[in-house]
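> Build me a model:
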Amino acid sequence: MVSVLPRSGGRRALLAAAAALAALGLLLWWLLPLGGPPAPSGQVTLSTGVRSGVYARYGELLKQDLGRDLPQVDVRLMNSAGSLDNLNQLAKGHAQFTIATADAVAEQQRRDPRAAARLRACARLYDDYIALVVPAGSPVGSARDLEGLRVGVGGDGSGVQLVTRHLLKAAGLDFDHDIEAVRVGIDRMPKLLEEKELDAFFWSGGLPTSAVQQVARRMPVRLVQLGDLVPALHRQGEASRHYRAAVMPADAYPQVQNGQAIRTVAVANLLVTTDREDPVMVEAITRTVIRSRDRIGTEVHAAQKVDLRTAVFTDPLPLHEGARRYYVSEKP
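As a prediction, the model looks like this:
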């Protein structure tokens, strides 16, 4: 039997080829992602809120961080009237992500169960605190004193108007008959108060809201406590279960409160999407939301409350699968 062996030159060629293949494999290993799905790409729209509200500023800052973390994703922002409008934009497919209060989600579930069944949460963000703002010399000491007055109640489709309706009911007042409801948002209410075209206005937002700070610099105003309404509010049952008693810290609006904390009502904000969204995209966006807390919190102080430990408590919505994957990956 004759054994055929490559000559020395042939052996050298084989060895060189093997080395080249090994180098190519190492290069590919270095260049390709280390496992997992490819980075998300495409376009997403985030519906926020009125231009001078906390939602809008939070959205602007989050977009910056998403641009850094997800360079292949084109993030677009959409202004809206507020929480209920935001949820309608999701239902219509005009937006893929939004921010909404927990009570607005519950209201959407009541109004349109079929569309609401597709809603999913990415994270619990921060709480909105309800403010009732009046001129400093106003005799109003409680929401019960608003009868017959011109009251800014938030625009139609806003979370402000939703919570205002519940608070007035708790105060024994009828939204449609006992006050003159002025249906405008935080972009217009402060100026109307300055021009004496409003006697008071309600606002629901993270602390502090710049529009409230600004009106306080231009005219003497006062924040009215709402804590006396909490028992009656909770007696409304399921419709008001997402509201909790809260205290607005003395340093929230120091030029308004004269160093005093204010008893009020708070409700959680959720980052919301739908079950139609790709889990890879949702996981990536949720990651940036949690990790961007400190940077965004330097400008939107409410964002400092975003926390990995509480972000999963998104009642009344279940977590999106992509968000769930992120939280599971962060467990020690």
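
> For stretch 268-282, give me every contacting residue.
For stretch 268-282, contacts defined as Cβ atoms under 8 Å, 6 or more residues apart in numbering pick out 37-38, 40, 42, 44, 73, 86-87, 90, 96-102, 105, 118-128, 206, 242, 286, 289, 313-314, 317, 320-323, 325. Yep, even glycine has a C-beta here, placed from its N, CA and C like the rest.

> Report the buried members of those residues.
Among the contacts of stretch 268-282, those classed as buried by neighbour count (16 or more other Cβ atoms under 10 Å) are 40, 44, 73, 86-87, 90, 96-102, 105, 119-128, 206, 242, 286, 289, 314, 317, 320, 322-323, 325.

> Of those, which belong to strands?
44, 73, 97-101, 119-128 (DSSP state E).

> who are the neighbours in contact with the residue lying closest to Ala56 once chain neighbours are set aside?
The spatial neighbour of Ala56 that comes closest, neighbours along the chain excluded (Cβ to Cβ, 6 or more residues apart in numbering), is Thr48 at 4.7 Å. Residues in contact with Thr48, defined by Cβ under 8 Å, 6+ apart, are Tyr55, Ala56, Tyr58, Gly59, Leu77, Met78, Asn79, Ser80, Asn86, Thr98, Ile99.

> And the helices in the stretch 51-200 of the chain?
Read by DSSP state H, counting those that start in this stretch, the stretch 51-200 of the chain holds these helices, from start to end of the chain: 54-69, 83-92, 102-111, 113-116, 159-170, 189-194.

> Could you list every helix and strand that the second one packs against?
Taking 3 or more Cβ pairs under 8 Å, 6 or more residues apart in numbering; DSSP states H and E as the contact definition, the neighbouring helices and strands of helix 83-92 are strand 42-47, strand 97-101, helix 102-111, helix 113-116, helix 159-170, strand 262-274.

> would you list those in JSON lines and tack on distance to Gln255 and mean pLDDT?
JSON lines is the format used below for the helices and strands packed on helix 83-92 (distance: least, Cβ to Cβ, whole Å; pLDDT from 0 to 100):
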{"stretch": "strand 42-47", "distance to Gln255": "32", "mean pLDDT": "97"}
{"stretch": "strand 97-101", "distance to Gln255": "27", "mean pLDDT": "97"}
{"stretch": "helix 102-111", "distance to Gln255": "29", "mean pLDDT": "96"}
{"stretch": "helix 113-116", "distance to Gln255": "40", "mean pLDDT": "95"}
{"stretch": "helix 159-170", "distance to Gln255": "22", "mean pLDDT": "96"}
{"stretch": "strand 262-274", "distance to Gln255": "13", "mean pLDDT": "97"}
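
> Give me whichever of those is most buried.
Counting by mean count of other Cβ atoms under 10 Å, strand 97-101 has the highest mean neighbour count of the helices and strands packed on helix 83-92, with a mean of 28.

> Partner strands of that one, with direction?
Taking DSSP bridges as the criterion, strand 97-101 sits next to strand 42-47 (parallel), strand 262-274 (antiparallel) in its sheet.

> To Leu66, which of these lies closest?
Taking Cβ to Cβ as the measure, those were each checked against Leu66, and strand 42-47 came out nearest at 8.6 Å.

> which other residues reach the closest one?
If you take Cβ under 8 Å, 6+ apart as the criterion, strand 42-47 is touched by 59, 62-63, 72-80, 85-86, 89-90, 94-99, 281, 285.

> Can I get the buried ones among the residues you listed as something I can paste into ChimeraX?
Selecting just the buried residues from the contacts of strand 42-47 in ChimeraX takes one command, with 16+ other Cβ under 10 Å as the test:
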select :59,62,73,75,77,78,80,85,86,89,90,95,96,97,98,99,281,285
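
> So for Gly159, which of the strands paired with strand 97-101 sits nearest?
Gly159 lies closest to strand 262-274 among those, at 7.8 Å (Cβ to Cβ).

> hang on, Pro249 packs against Ala261?
Yes - taking Cβ atoms under 8 Å as the contact criterion, Pro249 and Ala261 are neighbours in contact, 5.8 Å apart.

> ok, back up a step: could I get the helices and strands packed on helix 83-92 as a markdown table with distance to Pro139?
As requested, these are arranged in a markdown table below (distance: least, Cβ to Cβ, whole Å):
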| stretch | distance to Pro139 |
| --- | --- |
| strand 42-47 | 39 |
| strand 97-101 | 30 |
| helix 102-111 | 30 |
| helix 113-116 | 42 |
| helix 159-170 | 18 |
| strand 262-274 | 17 |
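
> Figure out which of these is closest to Arg150.
The closest approach between Arg150 and any of the helices and strands packed on helix 83-92, judged by Cβ to Cβ, belongs to helix 159-170 at 13.5 Å.

> name the helices or strands packed onto that closest one?
Counting by 3+ Cβ pairs under 8 Å, 6+ apart, the packing neighbours recorded for helix 159-170 are helix 83-92, strand 97-101, helix 102-111, strand 119-135, strand 200-205, helix 230-234, strand 262-274.

> Now tell me what touches that helix from outside.
In contact with helix 159-170 (Cβ under 8 Å, 6+ apart) are residues 82-84, 100-101, 103-104, 107, 128, 130, 143, 146, 151, 153-155, 174-175, 178-179, 183, 185-186, 202-204, 226, 229-230, 232-233, 235-236, 239-240, 243, 265, 267.
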